[in-house]
Structures are given as C-alpha cells and as structure tokens.
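S.K.: Coordinates for the following, if possible.
(chains A and B)
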Protein chains: 2
Amino acid sequence: MTPPVIVLVRPQLGENIGKAARAMLNFGLTEMRLVAPRDGWPNPSAGPAASGADVVLENAQVFDTSAEAVADCAHVFATTVRKRGVTKPVLTPEAAARDIRSAPGRTAILFGAERSGLDTEDVALARAIVTVPINPEFGSLNLAQAVILLAYEWSKGADLVQPPATEALPPAPQEELEGLIAHFETLLEPTGYFAPPERIPATKRTLRGVLTKPGWNSLEVRTLRGVLSALGRR
Amino acid sequence: MTPPVIVLVRPQLGENIGKAARAMLNFGLTEMRLVAPRDGWPNPSAGPAASGADVVLENAQVFDTSAEAVADCAHVFATTVRKRGVTKPVLTPEAAARDIRSAPGRTAILFGAERSGLDTEDVALARAIVTVPINPEFGSLNLAQAVILLAYEWSKGADLVQPPATEALPPAPQEELEGLIAHFETLLEPTGYFAPPERIPATKRTLRGVLTKPGWNSLEVRTLRGVLSALGRR
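M.R.: Here you go, the predicted structure:
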C-alpha cells in the first residue's frame, strides 16, 4: 500500500506549507511536492509551522507544473471545495482513501492555492475529484485542514496506525454479578426496602436491572462488594 | 440527532479557540463551552482566527470546572492523545461519532489544554475516551486539528452535509460501445493493423479490452466517434 503523494499547487504562504507537512506526518505521509510555490523554495516560514515535521519539508520536491509533479503517478485526485462544471466522479475523502489504498501504483492528491484553489487545467489531470462535504452555510476549510482530512482518512487503513487499545476489562462473569446482586439483597432485606411482600419480585427485578446494565468488570464488582461489606458493618 | 457540545478545558491561546470554532462550524457544530480559559473570555485573539465563525464564539459559554460544563450532558467523551492508565473504553473518532449520532440526549466532547491535555479528573467525567490513531513516531496533533477530526467524523451522518454530487454520467449503453469498437475496426482493417490473419481474433480482443475498460459515457463515446470520423476522412 503506497502512501499518496501530497501535491500543493501554487501554495502562497510558507506557513501553510509547514502546517500541511505537519498534518501529513501526523498520519504517516512523508512525500510532499510543490508546484510553483509563490515565494520560492525553501521558505523560511515553513519550518516553524511544521512543528517538527522537518523531514517532510526537507524532502519536498519542486516542479514548474502540475503535470510534471504527477508524471510518475498512476492515479491523480484533485481536491476541490465546491462543485465545478466537470464531469468527473466526485468522491468523499473516505471513498477516495479507500480507492487509494486498494489501487496498485502511486497516487497523487492535488491541493490548490489558498484562495483560488486548483485551475481547470490542474483538475483536468485528475481521474476523480475529492470534495469534503462541508457546512453549506460556512465553508471555510483551509489548506492544512484539507490535507489533514485526506491524510487522516488514508491512515485508517495504514499499517502504521496504532489501533486504539481496548484497555477496558470485559464485563465480569455472570456468577460474579449474581454474587453482587445477592449481596445487595442480603443487606437490603432487614431494612424493609423490599416491603410490601407483593412488590418484592418487581422491586428485585428493578434492582437487578440497575445492577446488570453497567456491565461492570471483575475489579469493579469487587470494589462494590467491598462497599457493601463496609456498609454491612455499620 | 443532537450535535455534540465541544468543551475546551483550560485552553491557553485565544487563537486556538478561534481555530477550533472555525473547525466546528465547517462541520455544522455551533455549541462551544470553555472551562477556565487561561486569558479570560472574551479573548480578542479568538475572532480573527475564527475566519468568520463568530457565531460560535459569541455563543460560547464559560464554566469554572469541567464537571459544571458537562452537567446537562447525558454522554461525555474525553479526547486524549496518548494512552493513559485508565480502564475506560478507547474509541476512534469514527466509532465515537457513531455512538454520538445514535445516542439519545446531549453529548459533550472534552478537549484538553494545548500542551498538557486533560487532567485525570476531567477524564474521570467521561464514559469513554476518544483517541485519534496517529503516527507513533510523530504525534503532533494540535487542538483545532483534534476538534476538526471529531467534527468531521460527526458530520458524516449529519443532515446538513451535502452529499457529493455524482456529476458523472453513467457508462454508455453497450450498443454504443459496440458501435465505437466496430468503427475502430472498420478504420483499422484497411491499414493492415490486424495482420497476420491468425492473430486477428486476439488483436481484436485486446482492442476491445482497451476500449471497454474506461466505461465511457455517451458523450465521450460520441466524442470518440467524431475523432474516428475525422481520422477516416484523412
């Protein structure tokens, strides 16, 4: 699974290039290409904004045109904020990431300049368009944000992502839960909690329901048994 | 489906509060709560960074403690960057967003301060932890980036998201494709392209494969028929 190449087309501010690098490296992407960066390259504003993602900036390659930047890529995606009058498939970041992960060969994702976005000619290089579905009343996604959403979606299928640890213990075996319920009942009986007699089954069912719902693990059940033992000593 | 409340706990820079507001509104979230913001509230640095998401800042509520900020919420999630020694379920943003969309009642998502993150006491308020799976060798997700990833995941199931338009026409009916293939063959036959005779079936199959693969739509097939007609006139 080859990570995609991130191509920034005519980026303006070095700071945004740095932020894009940071966004990339957070999700394991390292290959950045720059097409005609407005202020030249290297750009002293990029480093501080990269917050340590220097390796991405150091290896960034610069090209004169988008066509040259994607010449070695088998798949080209163009990100656009709004619909354009183009007859290409429009994908969500999620769908594009699935395509990228399953496609053999190298993929490039083109991102346009901060305000103007990609030119029609840049978009024409791409087989498909990626558009982030966004609040129709407030579409204000900046360059680094667009990059991070694509990188994040790609990383969902990448090896380097640590699956979140399921640190939670499983619920205690039913036997332990029964012991807890019995402990409650034993303590409650002398208090008159279950009276009147005809309500006892319903009240016990309610209590059982309350105690069953949390799915407490063995440690938690033991904690509660300790609480009950302490209360029983009063 | 109630949108989640975004709770920034002890945020330091007003600029980051503004960026978080912008990230929220991009994906349709409007309710921000601030717990003990370091520089007080309102903060003059927040507005410019919000890039127009002023409505989020104007309606932000301020609380002294995390517990007060989530008092009216039925579900509380705590975002943490790294694993902690807590025995709570750890969810990805995707899984948390699914939970939030399907849960009745209001949800709060807690985000910690820029450097220090959430305290153990803040995390103790939450039923589950949300951790963005990230490059283990470069974890540098800032506050606004964490907010945008959660907001983005939540928005996937929200009504307000515009589904990407499938502007692409469907592939042309097989009949039109056959017409195109026949047109190619008719033009190629006199050129000797298909010789020698014993190779004709294989060569035609190869050509058919090449022309079938793109899934051209009717307009595209028509364009190519025009190209062939022009070539035939040469």
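S.K.: What residues does the spatially closest residue to A:Thr212 that is not a sequence neighbour make contact with?
M.R.: Excluding its sequence neighbours, the residue lying closest to A:Thr212 (Cβ to Cβ, 6 or more residues apart in numbering or on different chains) is A:Leu177, at 6.6 Å. Every C-beta, even on glycine, is put in place using the N, C-alpha and C of the backbone. Residues in contact with A:Leu177 (Cβ atoms under 8 Å, 6 or more residues apart in numbering or on different chains) are A:171, A:211-212, A:216, A:221.
S.K.: where along chain A do the strands fall?
M.R.: A:5-9, A:32-35, A:61-63, A:75-79, A:90-91, A:107-111, A:128-130 (DSSP state E).
S.K.: wait, which of these is closest to A:Ala202?
M.R.: strand A:90-91 (55.3 Å; Cβ to Cβ).
S.K.: Hmm, A:Leu180 is touching A:Arg225, no?
M.R.: Yes - if you go by Cβ atoms under 8 Å, A:Leu180 and A:Arg225 touch, sitting 6.2 Å apart.
S.K.: Give the residue from these two that has the larger number of neighbours.
M.R.: A:Leu180 (20 against 15; other Cβ atoms under 10 Å in any protein chain shown).
S.K.: And chain A, what are its domain boundaries?
M.R.: A:5-155, A:174-233 (automatic domain parsing).
S.K.: want to throw the strands of chain A into a markdown table with distance to B:Asp54 and mean pLDDT?
M.R.: Listed next are the strands of chain A as a markdown table, based on distance: least, Cβ to Cβ, whole Å; pLDDT from 0 to 100:
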| stretch | distance to B:Asp54 | mean pLDDT |
| --- | --- | --- |
| strand A:5-9 | 29 | 97 |
| strand A:32-35 | 33 | 97 |
| strand A:61-63 | 38 | 97 |
| strand A:75-79 | 27 | 93 |
| strand A:90-91 | 30 | 90 |
| strand A:107-111 | 27 | 96 |
| strand A:128-130 | 29 | 91 |
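S.K.: Quick one: end-to-end length of stretch A:118-137, please.
M.R.: From its first residue to its last, stretch A:118-137 covers 22 Å (Cα to Cα, to the nearest Å).
S.K.: Just confirm A:Ala50 contacts A:Gly18, I think it does.
M.R.: Yes - applying Cβ under 8 Å as the test, A:Ala50 and A:Gly18 come out as touching, 3.9 Å apart.
S.K.: Show me the shaky parts of chain A.
M.R.: A:82-86, A:159-168, A:234 (pLDDT under 70).
S.K.: quick one: the residue most central in space within it from B:Glu58, how far?
M.R.: In chain A, the residue lying closest to the centroid (Cα atoms, centre = their mean) is A:Tyr152, at 5.3 Å. Counting by Cβ to Cβ, to the nearest Å, the gap from A:Tyr152 to B:Glu58 is 29 Å.
S.K.: now swap in A:Ser140 and tell me
M.R.: Distance from A:Ser140 to B:Glu58, by Cβ to Cβ: 16 Å.
S.K.: Comparing those two, which residue is more hemmed in?
M.R.: A:Ser140 (16 against 12).
S.K.: The closest residue to A:Val76 other than its chain neighbours: neighbour count?
M.R.: Closest residue to A:Val76 apart from its sequence neighbours, by Cβ to Cβ, 6+ apart: A:Ala126 at 4.5 Å. Under the neighbour criterion other Cβ under 10 Å, A:Ala126 is assigned a count of 23.
S.K.: in terms of contact, does A:Ala126 touch A:Lys88 like I think?
M.R.: Yes - counting by Cβ under 8 Å, A:Ala126 does reach A:Lys88; the two are 6.8 Å apart.
S.K.: Run a quick neighbour tally on A:Phe63.
M.R.: Count around A:Phe63 with other Cβ under 10 Å applied: 17.
S.K.: residues contacting it?
M.R.: Applying Cβ under 8 Å, 6+ apart to A:Phe63 gives the contacts A:33-36, A:69.
S.K.: sorry, back to before: what touches both of A:Ala50 and A:Gly18?
M.R.: Listed as contacting both A:Ala50 and A:Gly18 by Cβ under 8 Å, 6+ apart are A:Leu57.
S.K.: For B:Ala23, see how far away the residue nearest to the centre of chain A is.
M.R.: From A:Tyr152 to B:Ala23 the distance is 13 Å (Cβ to Cβ).
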